[in-house]
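Sharing a sequence plus its predicted fold:
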Amino acid sequence: MFAIFFTSHVFHFILKRFSIPLLVSQILAGMILGKAGLGLQADYRRIMFGIDSDQLFGTIGGFGFQLFAFLNGVKMDLSLMRKTGRMALCSGVLSMVMPLLFGAVTTSIVNSYLGLLELDKLSLSLVMLVHSMTPFPVTCSFVSDLELTHSELGRLGLSAALSSELLTQFLACNAFLVGIFYQYHYFGALKTVAIATAFITLTVFVVRPAMLWVIKQTPEGRPVRDLYISFVVLGALVSGLIFQFIGLNMFLGSLAFGLAVPAGPPLASALVDKFECMVSGVLIPLFMAMCASLTSSMKANFREISFDKKLTKGAAIVVTVVSLTKFGACLVTLFYYRMPKQDAFALAFIISSKGIVELGAYAFISESGLFTEGMFSFLAITILVSATVSPIFVNWLYDPWRKYAGYQKRNIMHSKDLCVLACIYRPDNVTSIINFLQALCPTLESPVSVCALHLIKISGRATSLFISHQKQKRSLSARSISENVILSFSNFWRNNCEIESVNVFTSISPTKFMHQDICTLALDELASFIVLPFHLKWLVDGSIESQDSIFRTLNCCVLERAPCSVGILIDHGNQVNSISRESSREQSLLVALIFFGGEDDREALVLAKHMSQHRNISLTIIHFVLSTGEIKSDWEKMQDSDRLRNMKPDFKEHREVTYIEETVSDGLETSNKIRSILHKYDFFIVGRRKDVETIQTAGLDYMNEYPELGAIGNLLASMETTERYSVLVVQQQISL
């Protein structure tokens, strides 16, 4: 087991740079370590596998595949079918029906031409059926490996695969019933159908309500009791035994039982959290390597592949026809719905990809003696090629970030109507975000609209969940995990009638895909500014209370790909003092804009101008210039001067706007002057100024602990001080 794990991850360390999934590395590990590779040496075989290794590996691998089927049923959300569009439904159905039809005709012709025996005809028919499938677990794993789960293409692929999977199971059940009546006549058939019907009835009307009761009994935020988890897993194993007893595949029973588990937290999430690591990390690699040639009954001996043998030649013809038909049927459907050519080809590769389900099916058919070694080896090669080639072509054809390209100016500087997307990671982010939004001071001339996005990490679902609370007809549940966020922003809207609109959304997804939700919502809502909370939280005494590296990675991803301007809000123990128009002058907010020049600083200047219109905000613009004369391109200097000139009327009209020039000679002097004014202001606004080097900031990036904040933002965030202040680091929209 250790050798399989180590070898597969060595391969994956190399192949993952080409976006080739772990599945390929696991198959390669089985080829090398198995009896068709190093296993040819008798001493190696005796030391590595021993006498009873075949039964041992077969049992462990089969158990792992059964748990894999169960977890995929748990993560599968059947409610996705209600949201499936016509294009995904048609592509999913036709990509399964057309290969079946063409494959059946081809199989019949090949059988007649080659003169195959009855047993070989059955083998060829099974190859045609398995290769025509579009298993949802395979597509889900493929899309997840390519990190396309939250992309439009990924969602279409999952919807099409789910449609195809449900049709496959429906046809399989009908074929099963026909076969039962044909083989067992009336009494045996009725007995089998009665058991299957009783199982489905018990699952729907007893097991699922029991699981809903377990969820209801689990307090919010608390884990499900281990006793309930144990009963659910035992139920999945028993379901497999029942299906085995009535003549169906036992893995189908575990999958069906998994579908009864309500998707999402707390039950499904607990099951995935507890078993996903063991199944995906240990048992499935063993199963994949076993299928690739570890056991004598299912070994893939690639030296035995010979197209001179009739069955292998027939399998090659059928696989080629079915694969091309599947790809072509999907492609024609997508072209009919006028999908762009590159995206259509990429989606066709996603739907046509092969993986663990097909390899497992071939392995268990081979165990029954229907496949020769050469034929099974050839089928394993086809799956290996598909799993290798498909992700390479998808990455080449489809760029999920292309839709975020900055073809339009979506920033504060060029927006008449300011739309702010405020992201909430933790409950304590709400107060500081709302207080910042109050300071933006919307007016009739420059209205402000707000979109609040509550981001929640979740497991136990194959697809993410995105909720628009404005479109929900049902009232809020007492168990709603976003209820406090919704109520807080509702109160904010009621108390700030100048705000044009406030819309609240919830995204429930894995953390590695959250940045796609943020960017997509910003694109859909025409946002011009995204506010992200910083990943650190400080105590009043200036010490760090907590930090979350996951949210830091999330912020970096958004900064890199956002379709508009971005700001990172840092609360150094201050939480942005609350202000309102009705508050007294004594409750004013002292804001300082630290200005060096450049695109980000000019964007920060425009934002500061918005805030300066608030009657209780006192703004100070601190312009750091070189004591020996600033060295800058004429165009940059002209733009900086023009923006500062636009602010000068405010210097005269409002006594709360002050302009100060600070002359410095190097980064050390800049650092000392910023440190000396920390106690004077509540809120600092700075530009990120990534990769912009100036004499005023020279040396400040030497100990750049937080490069996502830029030199000045990092300086303000990393200072060891007891002063309480907040910082907003602004990055103007990046043109991709």
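Sure, I can see it.

where's Gly30 relative to Met133, distance?
Here the criterion is Cβ to Cβ, to the nearest Å. By it, Gly30 lies 22 Å from Met133. Where C-beta positions appear, they are placed from N, C-alpha and C, glycine not excepted.

between those two, who's got more neighbours?
Each of Gly30 and Met133 has its neighbours counted (other Cβ atoms under 10 Å); Gly30 has more, 28 against 23.

which ones are touching the closest residue to Val729 other than its chain neighbours?
Nearest-residue entry for Val729: Gly713, 3.8 Å, with adjacent residues in sequence omitted and distances by Cβ to Cβ, 6 or more residues apart in numbering. Counting by Cβ atoms under 8 Å, 6 or more residues apart in numbering, Gly713 makes contact with Ile568, Ile570, Val686, Arg688, Tyr706, Val727, Val729.

Thr139 now?
Per Cβ under 8 Å, 6+ apart, neighbours of Thr139: Gly157, Leu158, Ala160, Ala161, Ile350, Ile351, Ser353.

before we move on, back to that, what's the closest of the contacts of Gly713 to Phe251?
For the contacts of Gly713, the minimum distance to Phe251 (Cβ to Cβ) is 47.2 Å, reached by Ile568.

does the closest one really touch Ser726, like I thought?
No - Ile568 is beyond contact range of Ser726, at 11.1 Å (criterion: Cβ atoms under 8 Å).

Counting neighbours, which bits of stretch 713-728 end up buried?
By 16 or more other Cβ atoms under 10 Å, the buried positions in stretch 713-728 come out as Gly713, Asn714, Leu715, Leu716, Ala717, Glu723, Arg724, Tyr725, Ser726, Val727, Leu728.

What of stretch 493-501?
Neighbour-count burial for stretch 493-501 flags Asn496, Ile499 (criterion: 16+ other Cβ under 10 Å).

Quick one: end-to-end distance for that stretch.
End-to-end distance of stretch 493-501 (Cα to Cα, to the nearest Å): 7 Å.

any idea how far that stretch is from the chain center?
Stretch 493-501 sits 34 Å away from the centroid of its parent chain (Cα atoms, centre = their mean, to the nearest Å).

circling back to that earlier point, least confident pick among the contacts of Gly713?
On pLDDT alone, Tyr706 ranks lowest of these, at 82.

Find the nearest non-adjacent residue to it, please.
Leaving aside its sequence neighbours, Tyr706 sits nearest to Asn714 (Cβ to Cβ, 6+ apart; 4.7 Å).

Which residues are in contact with the one you found?
Neighbouring residues of Asn714 by Cβ under 8 Å, 6+ apart: Leu700, Asp701, Asn704, Glu705, Tyr706, Pro707.

and of these, the nearest to Ile530?
Tyr706 (17.8 Å).

what about that closest one, how many residues close to it?
The local packing of Tyr706 (other Cβ under 10 Å) involves 21 other residues.

I'd say it and Ser718 touch.
Yes - using Cβ under 8 Å, Tyr706 is in contact with Ser718, at 6.7 Å.

count of neighbours near Val385?
Using other Cβ under 10 Å, Val385 has 12 neighbouring residues.

show me what contacts it?
Listed by Cβ under 8 Å, 6+ apart, Val385 has no contact partners.

can you tell me the helix or strand for it?
Following DSSP states H and E, one finds Val385 within helix 373-397.

got it, and Glu661?
Judged by DSSP H and E, Glu661 forms part of strand 657-664.

what's the answer for Ser144, then?
Using DSSP H and E, Ser144 falls in helix 136-145.

same question for that helix, mean pLDDT?
81.

Over to stretch 23-33?
On average, stretch 23-33 scores 78.

Local confidence estimate at the residue positioned nearest the centre of the chain?
Closest to where the C-alpha atoms of the chain average out (Cα atoms, centre = their mean) is Phe513, at 3.3 Å. Here the pLDDT value assigned to Phe513 is 77.

pretty sure it contacts Thr149?
Yes - using Cβ under 8 Å, Phe513 is in contact with Thr149, at 5.4 Å.

related to what we said a few turns ago, any quick ChimeraX command for the buried ones out of the contacts of Gly713?
Buried members of the contacts of Gly713, defined by 16+ other Cβ under 10 Å, are picked up in ChimeraX with:
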select :568,570,686,688,706,727,729
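
Can I get the contacts of Gly713 in TSV including secondary structure and distance to Tyr113?
Shown next, in TSV, are the contacts of Gly713 (DSSP: H, G, I helix; E, B strand; the rest coil; distance: Cβ to Cβ, whole Å):
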residue	secondary structure	distance to Tyr113
Ile568	strand	68
Ile570	strand	73
Val686	strand	76
Arg688	coil	68
Tyr706	coil	69
Val727	strand	76
Val729	strand	71
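
Let me have the contacts of Gly713 in CSV, extended by distance to His454.
Below are those laid out as CSV (distance: Cβ to Cβ, whole Å):
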residue, distance to His454
Ile568, 18
Ile570, 20
Val686, 27
Arg688, 25
Tyr706, 24
Val727, 23
Val729, 22
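
now, among the contacts of Gly713, which is nearest to Ile695?
Closest approach to Ile695 among the contacts of Gly713 (Cβ to Cβ): Val686, at 17.4 Å.

pLDDT of the next helix or strand after the helix holding Val385, averaged?
Next helix or strand after helix 373-397 toward the C-terminus (DSSP H and E): strand 418-424. For strand 418-424, the mean per-residue pLDDT is 89.

just how off-centre is strand 418-424 within its chain?
In this view, strand 418-424 has its centroid 21 Å away from the chain centroid, taken as Cα atoms, centre = their mean.

ok so Ile467 is a helix residue?
No - counting by DSSP: H, G, I helix; E, B strand; the rest coil, Ile467 is not found in a helix; it is strand.

Might you report the residue contacts of it?
Applying Cβ under 8 Å, 6+ apart to Ile467 gives the contacts Ser482, Phe505, Thr506, Ser507, Ile508.

tell me the two of the residues you listed that are most distant?
Pairwise distances across the contacts of Ile467 (Cβ to Cβ) peak at 10.7 Å, for the pair Phe505 and Ile508.

Overlap of the contact sets of the two?
Common neighbours of Phe505 and Ile508 (Cβ under 8 Å, 6+ apart) are Phe466, Ile467.

just the strands in the stretch 551-700 of the chain please.
For the stretch 551-700 of the chain, the strands defined by DSSP state E, counting those that start in this stretch occupy 565-572, 589-595, 617-626, 657-664, 683-687.

closest to Arg602 out of these?
Shortest distance between Arg602 and those, using Cβ to Cβ, is found for strand 683-687: 7.7 Å.

pretty sure Glu165 contacts Thr134?
Yes - applying Cβ under 8 Å, one finds Glu165 in contact with Thr134, separated by 6.7 Å.

which of the two has more neighbours?
Set Glu165 next to Thr134 and count neighbours by other Cβ under 10 Å: Thr134 wins out with 29 against 24.

Test for you: state the pLDDT assigned to the nearest residue to that one once chain neighbours are set aside.
Of all residues not flanking Thr134 in the chain, Ser164 sits nearest, at 3.8 Å (Cβ to Cβ, 6+ apart). Each residue has a pLDDT score; the one for Ser164 is 81.
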